[in-house]
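A.B. asks: show me the folded form of this:
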Amino acid sequence: MNQNEMKLAVAKAAVEHIRPRLNRDDVLGIGTGSTVDLFIDELARYKNEFGAAVASSERSAERLRKNGIEVLDLNSVSDIPFYIDGADEVTRHLHMIKGGGAALTREKIVAAVAKRFVCIVDETKLVPVLGNFPLPVEVIPMARSYVARQIMKHAVDFPAMSVDWRLQADGKPVLTDNGNVILDVRGWNIMNPVELEQSLNQIVGTVTNGLFAARGADVCLVATQNGIQTLNR
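C.D. replies: As a prediction, this is how the structure comes out:
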């Protein structure tokens, strides 16, 4: 299987994972990304088996609506049995880096509300140690330079570290759905993701960072060349 085929396989597996546990009035949390796009399309086949969804991005909300699935504001929802989302990197401890699609803050909020976080990835995203994928940090625009300088204090231990302002192809900054900017931290070998997640969030001007370790996944479905592998917390 190529990577696209693995993404489709794990999207289908995720639907089958949650279907037996769904109730007609359940509201699902839906993440963002190419694998989640496929999950949404598969989930639409069973849209009469649950109530509605909460989306972590405008992109996912639009795709859900196009598939005939009602999208609710999180403020109107008190209970989410499942949050389904991908990851840019995930370890066997189910710690993750997310935010390649710049939706990390809303993803982290919906994940916090959900009772169970189901991560869906292909085998290329499974890593022994986080950090090869750039770590995104969402920042209030006026604090961009300050936050970057504070992060670079860690470069004493990681000489190859860099902090880059995420820009579009036309040179304009990438803006999140919240109107903030993204800093991508490269060259970090992250051995202590829970502690680092908390430390970065203490920098004034930081909204949140792309480490999902304090609240990692509860289960991760991994599409491999030999089928679906299930990792449990």
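A.B. asks: buried residues, the longest helix seen in the chain. List them.
C.D. replies: Using DSSP state H to define each element, the chain has its longest helix at helix 3-18. Within helix 3-18, the residues that qualify as buried are 6-15, 17-18, counting by 16 or more other C-beta atoms under 10 Å. Backbone N, C-alpha and C define where each C-beta goes, glycine included.
A.B. asks: just checking, next helix/strand downstream of that helix?
C.D. replies: Remark: after helix 3-18, the chain's next helix or strand is strand 27-30, criterion DSSP states H and E.
A.B. asks: who does that next one pair up with?
C.D. replies: Partner strands for strand 27-30, per DSSP bridges, with pairing direction: strand 52-55 (parallel), strand 80-85 (parallel).
A.B. asks: need the contact partners of it.
C.D. replies: 18, 36, 39-40, 43, 50-56, 60, 64, 72, 77, 79-85, 110-111, 113-114 (C-beta atoms under 8 Å, 6 or more residues apart in numbering).
A.B. asks: what comes into contact with the helix or strand just after that strand?
C.D. replies: Using DSSP H and E, the next helix or strand after strand 27-30 towards the C-terminus is helix 34-43. Residues from elsewhere that reach helix 34-43 (C-beta under 8 Å, 6+ apart): 7-8, 10-12, 14-15, 28, 30, 60, 63-64, 67, 69, 84-86, 120-122.
A.B. asks: off-centre distance for helix 34-43?
C.D. replies: 14 Å (C-alpha atoms, centre = their mean, to the nearest Å).
A.B. asks: try stretch 22-30
C.D. replies: The mean C-alpha position of stretch 22-30 is separated from the chain mean by 19 Å, C-alpha atoms, centre = their mean.
A.B. asks: CA atoms of that stretch as PDB?
C.D. replies: Below are the C-alpha coordinates for stretch 22-30, written out as PDB (Å, rounded to 0.1, in the frame of the first residue of the first chain):
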ATOM      1  CA  LEU A  22     -22.100   5.400  19.300                       C
ATOM      2  CA  ASN A  23     -25.500   6.700  20.400                       C
ATOM      3  CA  ARG A  24     -28.000   8.600  18.300                       C
ATOM      4  CA  ASP A  25     -27.500  11.800  20.300                       C
ATOM      5  CA  ASP A  26     -23.600  11.700  20.500                       C
ATOM      6  CA  VAL A  27     -21.600  14.700  19.400                       C
ATOM      7  CA  LEU A  28     -18.200  13.700  18.000                       C
ATOM      8  CA  GLY A  29     -15.000  15.800  18.000                       C
ATOM      9  CA  ILE A  30     -13.400  15.900  14.600                       C
END
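A.B. asks: and that stretch, what's buried?
C.D. replies: Of the residues in stretch 22-30, 22, 26-30 count as buried by neighbour count, 16+ other C-beta under 10 Å.
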